[in-house]
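K.L.:
Turn this into a structure:
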Amino acid sequence: MLTRIGVHTYTMFTMLAPEESKAILADFRDYCKTNIDLDIFIDKYRTLPDGNTIPSVWKTKYPPYKDLGVKWTFRLNTPAPCHRNCIIEARINPQVLLHGDYITISGESDLLATAKAYNTFAKRISRKLPSFAEYALGHIHYCGNFDLWEMGYNCSVKQMLKLQKQALILSRYEEPLEYNPTSKRKERYSNGLRAESGSVIINNYGKQKQLIEVFPHNIRFA
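P.N.:
Numbering: from 1, shown residues only. So this is what the prediction gives:
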C-alpha cells in the first residue's frame with residue numbers, strides 16, 4: 001500500500017575529535033579510489049591566518065542514476081586540544097537503503113532494519129565510523145504518500161495538482177520560482193506546489209514525473 005504518512009529522509013550527526021574525523025575521512029578516500037559506487041569531494045575550503053586554504057567540508061555523492069540511501073558530510077573545524085568539534089553527518093533515506101525503493105516512505109517499524117543496514121554499509125567503508133546508535137538526530141523530512149487510486153479518487157495526478165495550485169498561499173509563505181529553459185524565464189514549479197517560510201517547506205508533487213526527471217534512463221519509472 002503506497003498511501004502512508006511517515007519519514008522521507010532524516011539526518012543524524014556525531015561529534016568527533018579532529019584526529020578521529022581525519023582518520024575516517026582517509027578511509028572514505030581510500031574506499032572511493034577502488035569502488036565506483038561512491039565518490040567523495042571537497043565542498044568548502046577555509047582560509048587560514050597565513051592566507052593558505054585547507055578543505056573544511058567534504059561530501060559524498062553517487063554516480064548518475066545511482067543512490068544507495070546514505071550521504072555523508074564531514075565538517076572539519078579548527079583543531080582544539082581535547083575538543084570533539086568536528087562533525088560527521090549521515091543523511092539517510094531508509095527505503096532506498098533497505099530496498100532501493102524511491103517511492104515508499106518509512107515509519108517507526110523500519111528503524112531496527114535501517115540501523116542494521118546502515119552499520120553494514122558504513123563498516124564496508126570504515127571500521128572507525130560510529131554505529132547508528134552513536135549518532136544524534138539532526139532533522140527529519142516528514143512526508144505523506146497519497147495514491148489517488150487507493151484512496152478512491154476518480155481524477156488524475158495532474159488534475160489534483162492543478163487544484164492544489166489554485167489554493168491560497170498564506171502571507172508568510174513564498175512560492176519559489178524555477179528557471180524554465182524552454183521559455184527562458186522563471187516560472188512556478190510545473191509538477192506541483194511549493195511554498196516556503198522561514199522554517200517550513202511545503203512541497204506537493206507528482207512522484208512518478210519527478211522520478212522520470214531524476215532517473216530518465218530507469219525504465220521502471222517510465
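
K.L.:
Now do the buried residues in the longest strand anywhere in the chain.
P.N.:
Taking DSSP state E as the criterion, the chain has its longest strand at strand 4-16. Neighbour-count burial for strand 4-16, counted by 16 or more other C-beta atoms under 10 Å, picks out 6, 7, 8, 9, 10, 11, 12, 13, 14, 15, 16. The C-beta positions use only the backbone N, C-alpha and C, and glycine is treated the same way.

K.L.:
count of neighbours near residue 179?
P.N.:
Neighbours of residue 179 under the rule other C-beta atoms under 10 Å: 9.

K.L.:
After the helix ranked longest in the chain, which helix or strand is next?
P.N.:
The residue-count maximum for a helix in the chain (DSSP state H) belongs to helix 18-34. As assigned by DSSP states H and E, the chain's next helix or strand after helix 18-34 is strand 39-47.

K.L.:
average pLDDT across stretch 64-84?
P.N.:
The average pLDDT within stretch 64-84 is 80.

K.L.:
one step back: out of the buried residues of strand 4-16, who's nearest residue 36?
P.N.:
Nearest to residue 36 among the buried residues of strand 4-16 is residue 9, at 23.6 Å by C-beta to C-beta.

K.L.:
contacting residues around that closest one?
P.N.:
Residue 9 makes contact with 91, 92, 93, 94, 140, 141, according to C-beta atoms under 8 Å, 6 or more residues apart in numbering.

K.L.:
Buried ones from those, can you make that a ChimeraX selection?
P.N.:
Here is the ChimeraX selection string for the buried members of the contacts of residue 9, based on 16+ other C-beta under 10 Å:
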select :91,92,93,94
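
K.L.:
SS state for residue 115?
P.N.:
State at residue 115, reduced to three classes by DSSP: H, G, I helix; E, B strand; the rest coil: helix.

K.L.:
pretty sure it is touching residue 132, no?
P.N.:
Yes - under the criterion of C-beta atoms under 8 Å, residue 115 makes contact with residue 132 at 4.0 Å.

K.L.:
any idea which element the residue nearest the centre of the chain lies in?
P.N.:
A centroid search over the chain (C-alpha atoms, centre = their mean) returns residue 91, at 5.5 Å, as the residue closest to the centre. For residue 91, the element it lies in under DSSP H and E is strand 86-92.

K.L.:
same question, residue 118
P.N.:
Using DSSP H and E, residue 118 maps to helix 111-125.

K.L.:
could you check the angle helix 18-34 makes with that helix?
P.N.:
80 degrees (axes from the mean of the first three to the mean of the last three C-alpha atoms, to 10 degrees).

K.L.:
any low-confidence regions in the chain?
P.N.:
Scanning the chain for pLDDT under 70 picks out 1, 78-83, 168, 214-222.
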